[in-house]
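Asks: Next comes the sequence, and after it the predicted model I'd like to discuss.
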Amino acid sequence: MIYRSKAPLRIGLAGGGTDVSPYSDEYGGAILNACVSLFAYASIEPIAENKIIVEALDRKEQQVFDFATSLPLDGKLDLLKGVYNRIQKDYGMPATGLRLSTFVDAPAGSGLGTSSTLVVAILGAFVEMLKLPLGEYDIAHLAYQIEREDIQLAGGKQDQYAATFGGVNFMEFYGDDKVIVNPLRIKSEYIHELENNLVLYFTATSRESASIIKEQVKNVNNKNEKSIEAMHQLKEQARMMKEALLKGQLRQIGEILDFGFEQKRKMAANISNNNIEAIYEAAKKAGATGGKISGAGGGGFMIFYCPDNTRYTVIDALNAFGGEIKNYSFTQYGLSTWTI
């Protein structure tokens, strides 16, 4: 038998960064995100050999170990090994060999929540294999613990919940790891128009989000008023975006994104750079009314809101920068698992 799973990546539309502790613990955070038809996949195949094989097929990386209940976290394929270690620790597994294989539709560091979504997908495959009684909140919270506590990777909380729940969600974050996911019932014509008008652009650069997030955390701990006020404004941006989507006030989307981009720059250094600024200005000059960097910033994907038929002139302008337009559609489905 082979146990499989897939979980969707997400684009953050508003509130990015307010899901990161200690800001969310002290002030409460709010984010609006939407899952798209780009996925992280995981497969677990029991094998006759008494070996544990972990492999990232998209990155052409593999490690092979004699069977053990804990695998070394050495900077290579740690997301795969971290999930395996936690499942062994919390639930135990038969002392038999297995092959854990993964694939992600976007590169690491691209700003679409790839790492956290991959952890959710791997967890899903183990839940399917072991028939674990874990609900959506359980899986998302466990994924967060594995990534932030076990593997010690800096980051927020939104990606794990987006990947598990799917759809378009307004999420609230509080102290003691309390998270509330509010699925939004948006009219289909609004979703179609949003999908038509949002251009997803890969800058052809990836970045290490941890350093940006660590500076953001430092700014909150040091009570940096400029940074904290920017996060307050981004939290308000999430509420503005929710209202605009639910009411179909789509012409406001670009302005709300533009407001958020201005605030995001104030959270930490290196969120933006000369290349990002040049891309942003070119997109606006071509007809976009606003946009943002997806994820922590510094590179990866950007999104632009292009009303009417300006998406085509915006795409022409973006093509001059050597990146890639990524086709996508919104998806309402979160983590899916199955056995073959």
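Replies: Right, received. Where do you want to start? Numbering: from 1, shown residues only.

Asks: lowest-confidence helix or strand of this structure?
Replies: Ranking every helix and strand in the chain by mean pLDDT, DSSP states H and E puts helix 209-221 at the bottom, with a mean of 70.

Asks: hang on, Leu318 is in a strand, isn't it?
Replies: No. Using DSSP: H, G, I helix; E, B strand; the rest coil, the assignment for Leu318 is helix, not a strand.

Asks: which residues of this protein fall in helices?
Replies: Residue ranges of the helices in the chain, as given by DSSP state H, are 23-27, 78-90, 114-130, 136-145, 158-165, 188-197, 209-221, 225-247, 253-264, 274-285, 311-319.

Asks: Please identify the most buried of those helices.
Replies: helix 158-165 (a mean of 30; mean count of other CB atoms under 10 Å). Glycine gets a C-beta too; all of them are placed from N, C-alpha and C.

Asks: Now do Gly322, the pLDDT please.
Replies: Per-residue pLDDT puts Gly322 at 92.

Asks: repeat for Arg207
Replies: Here, the pLDDT recorded for Arg207 equals 54.

Asks: For Tyr161, which residues are in contact?
Replies: By CB atoms under 8 Å, 6 or more residues apart in numbering, the contact set of Tyr161 is Tyr137, Ala140, Asn169, Met171, Val179, Val181.

Asks: same question but for Val119, I mixed them up
Replies: Leu79, Gly82, Val83, Ala143, Ile146, Glu147, Gln160.

Asks: same deal with Ile139?
Replies: Ile139 makes contact with Val120, Leu123, Gly124, Val127, Gln160, Thr164, Leu335, according to CB under 8 Å, 6+ apart.

Asks: Select, from those, the two members most distant in space.
Replies: Val127 and Gln160 (13.9 Å; CB to CB).

Asks: Quick check: closest non-adjacent residue to Lys187.
Replies: In space, and not counting its chain neighbours, Lys187 is closest to Gly248: 6.5 Å by CB to CB, 6 or more residues apart in numbering.

Asks: That neighbour: what's it in contact with?
Replies: Per CB under 8 Å, 6+ apart, neighbours of Gly248: Lys187, Glu189, Tyr190.

Asks: so what's the backbone phi/psi at the closest residue to the last one other than its chain neighbours?
Replies: The shortest distance from Tyr190 to any residue other than its chain neighbours is 4.9 Å, reached at Gly248 (CB to CB, 6+ apart). When read as degrees, to the nearest 10, the backbone of Gly248 gives phi 70, psi 30.

Asks: so Cys306 sits right up against Lys284, yeah?
Replies: No. The pair Cys306 and Lys284 does not pass the contact test of CB atoms under 8 Å, sitting 10.0 Å apart.

Asks: Need the residues touching each of these two.
Replies: Common neighbours of Cys306 and Lys284 (CB under 8 Å, 6+ apart) do not exist.

Asks: The closest residue to Ile315 other than its chain neighbours and Leu198: what is the separation?
Replies: Excluding the flanking residues, the one nearest Ile315 by CB to CB, 6+ apart is Ile325, at 5.6 Å. Using CB to CB, to the nearest Å, Ile325 is found at 11 Å from Leu198.

Asks: the more surrounded of these two?
Replies: Between Ile325 and Leu198, Leu198 has the larger neighbour count (other CB atoms under 10 Å), namely 23 against 14.

Asks: Ser115 is in contact with Ala108, isn't it?
Replies: Yes. Applying CB under 8 Å as the test, Ser115 and Ala108 come out as touching, 6.4 Å apart.

Asks: just how off-centre is the lengthiest strand in the chain within its chain?
Replies: Longest among the strand segments of the chain by residue count, using DSSP state E, is strand 29-47. In this view, strand 29-47 has its centroid 8 Å away from the chain centroid, taken as CA atoms, centre = their mean, to the nearest Å.

Asks: quick check: angle from that strand to helix 253-264?
Replies: Calculated by axes from the mean of the first three to the mean of the last three CA atoms, to 10 degrees, strand 29-47 forms an angle of 90 degrees with helix 253-264.
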